[in-house]
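Novice: When you get a sec, could you give me coordinates for this:
(one chain, ligands or ions: 1)
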Amino acid sequence: MTAYFNGRFMEKDEIRISPDDRGFLFSDSLYEVIRHYPGLLFRPEAHIRRLNHGAAHLRLACRDFSHLIPVARDLIRQNHLADQDALVYIQVTRGTAPRNHPFPDPASEPTVYICVSCFDPAVKDRQRKTGIHAITVPDIRWARCDMKTTGLTANVLACQQAAENKAGEAIFVRDGVLLEGTHSSFMAVFDDTVITAPLSNYILGGITRETVLDLCRDLDIRVLQEPVYESRIHLASELMVTGTTTEITPITTLNTRPVGNGKPGPVAKALQAAFASKIQQLQKQAPWFSPMKKGENSLKLSETP
Ligand code: PDD
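Specialist: Numbers count the residues shown, from 1 in each chain. Below is the predicted model of the structure:
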């Protein structure tokens, strides 16, 4: 696979990251996962907006990564994935410097890494149809979950706990409020109204969450961005998680208790259908990428800072 590392396209296996990289030493780093549908990179500008938000708050030397969008598209083409389902992974770190907690002075150049991979949607498709089991876990994460940092230890532990309980996702609960999943946003339906936690430092502003809330408005589904309380969760008719790889996946059992009638509900199904037609519509509008030969870059390296 061809990947991108600090301004160069190169074989992924040949990339060498320094042990002094602050991403490795401190998780002083940010990431994004962008979905590619055949012919369509899904909302890359929104992902870069979120990456830039994190970069500004981490005070990285670079705070605008919009130049990475054509790089991501190029990688899709170079790896012959233009007509396939794929994922783009972007990671930027504060850069490399001898281990010391304060920022390096002078500031280090951020390390920038992008790779792409094939994405087989079959498992996720099945989960979307049948729904998943989920568990709740105490939210032991830090208080800046709005930044997509690679410090994901709490998410990894919670997701592993879910897997060990044969659940597809774990939902973080802080102060009695269900906030989000380990790698997804969380929504509940009460009386035909979709309720999801308001944007704050305690959740990631999910790109799929944003898309789904727009679709709710298109479908005249009432939305409230309010806390979803654990004490009332048994009254929800539907629960769901949303995310780049998850899209819209119903939760049919929470902590072994069935949600509603234990089957994917009408709101989730309507949103899934609307999401699928939105993708189809965007695919029709997207310019079809002409496949490129391996090693043939449409960007000159001098154009990629
Ligand atoms: N995770 N909340 C958390 C904690 C997440 O990690 C994610 C995505 C989301 C959903 O965001 P979006 O709709 O923008 O994908 C919410 C990615 C997919 C991951 O960690 O792999």
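
Novice: rest of the way, CA atoms for contacts and neighbours
Specialist: OK.

Novice: So residue 179: helix, strand or coil?
Specialist: Secondary structure, DSSP: H, G, I helix; E, B strand; the rest coil: residue 179 is strand.

Novice: any idea how far it lies from residue 263?
Specialist: 22 Å (CA to CA, to the nearest Å).

Novice: higher neighbour count, the two?
Specialist: The neighbour comparison of residue 179 against residue 263 (other CA atoms under 10 Å) goes to residue 179, with 27 against 17.

Novice: isn't the more buried one right next to residue 195, touching?
Specialist: No: under the criterion of CA atoms under 8 Å, residue 179 is not in contact with residue 195, lying 10.9 Å apart.

Novice: any residues in contact with both of these two?
Specialist: 227-228 (CA atoms under 8 Å, 6 or more residues apart in numbering).

Novice: where does stretch 80-97 sit relative to the chain's centre, distance-wise?
Specialist: For stretch 80-97, the separation from the chain centroid amounts to 12 Å (computed by CA atoms, centre = their mean, to the nearest Å).

Novice: That one - what's its average pLDDT?
Specialist: Stretch 80-97 carries an average pLDDT of 98.

Novice: and the nearest residue to residue 181 once chain neighbours are set aside, what is it in contact with?
Specialist: What sits nearest to residue 181 in space, not counting adjacent residues and going by CA to CA, 6 or more residues apart in numbering, is residue 171, at 4.2 Å. Each residue near residue 171 by CA under 8 Å, 6+ apart is listed here: 134-137, 178-182, 186.

Novice: let's see 7 Å
Specialist: The contact partners of residue 171, by CA atoms under 7 Å, 6 or more residues apart in numbering, come to 135-137, 178-182.

Novice: Tell me which two of those residues sit farthest apart.
Specialist: Within those, two members stand farthest from each other by CA to CA: 135 and 179, at 12.7 Å.

Novice: pLDDT score assigned to residue 46?
Specialist: pLDDT at residue 46 comes out at 98.

Novice: Tell me the secondary structure at residue 30.
Specialist: Relying on three-state DSSP, one would call residue 30 strand.

Novice: these two touch, right, it and residue 92?
Specialist: Yes: taking contacts as CA atoms under 7 Å, residue 30 lies within contact range of residue 92: 5.4 Å.

Novice: longest helix of the protein?
Specialist: If each helix of the chain is counted by residues according to DSSP state H, the longest one is helix 266-285.

Novice: wait, does it contact the ligand?
Specialist: No: Helix 266-285 lies apart from the ligand when judged by CA under 6 Å from any ligand atom; the minimum separation is 12.6 Å.

Novice: buried set for that helix?
Specialist: Neighbour-count burial for helix 266-285, with 16 or more other CA atoms under 10 Å as criterion, is recorded at 267-269, 271-272, 274-275, 282-283.

Novice: Please name the spatially closest residue to residue 18 (chain neighbours excluded).
Specialist: Spatially, and ignoring its direct neighbours in sequence, residue 18 is nearest to residue 96 (6.9 Å; CA to CA, 6+ apart).

Novice: neighbours around the one you found, how many?
Specialist: Residue 96, neighbours per other CA under 10 Å, totals 21.

Novice: can you pull the contacts of it?
Specialist: 18, 20-22, 108.

Novice: The ligand contacts on the stretch 101-250 of the chain?
Specialist: 180-185, 204, 206-209, 243-245.

Novice: Not counting residues beside it along the chain, what's closest to residue 31?
Specialist: Of all residues not flanking residue 31 in the chain, residue 91 sits nearest, at 4.2 Å (CA to CA, 6+ apart).

Novice: which secondary structure elements does the host helix or strand of that neighbour contact?
Specialist: Using DSSP states H and E, residue 91 falls within strand 86-93. With contacts defined as 3 or more CA pairs under 7 Å, 6 or more residues apart in numbering; DSSP states H and E, the packing partners of strand 86-93 are strand 29-37, strand 111-118.

Novice: tell me the most buried of these?
Specialist: Compared across the helices and strands packed on strand 86-93, strand 29-37 shows the largest average neighbour count, a mean of 22 (mean count of other CA atoms under 10 Å).
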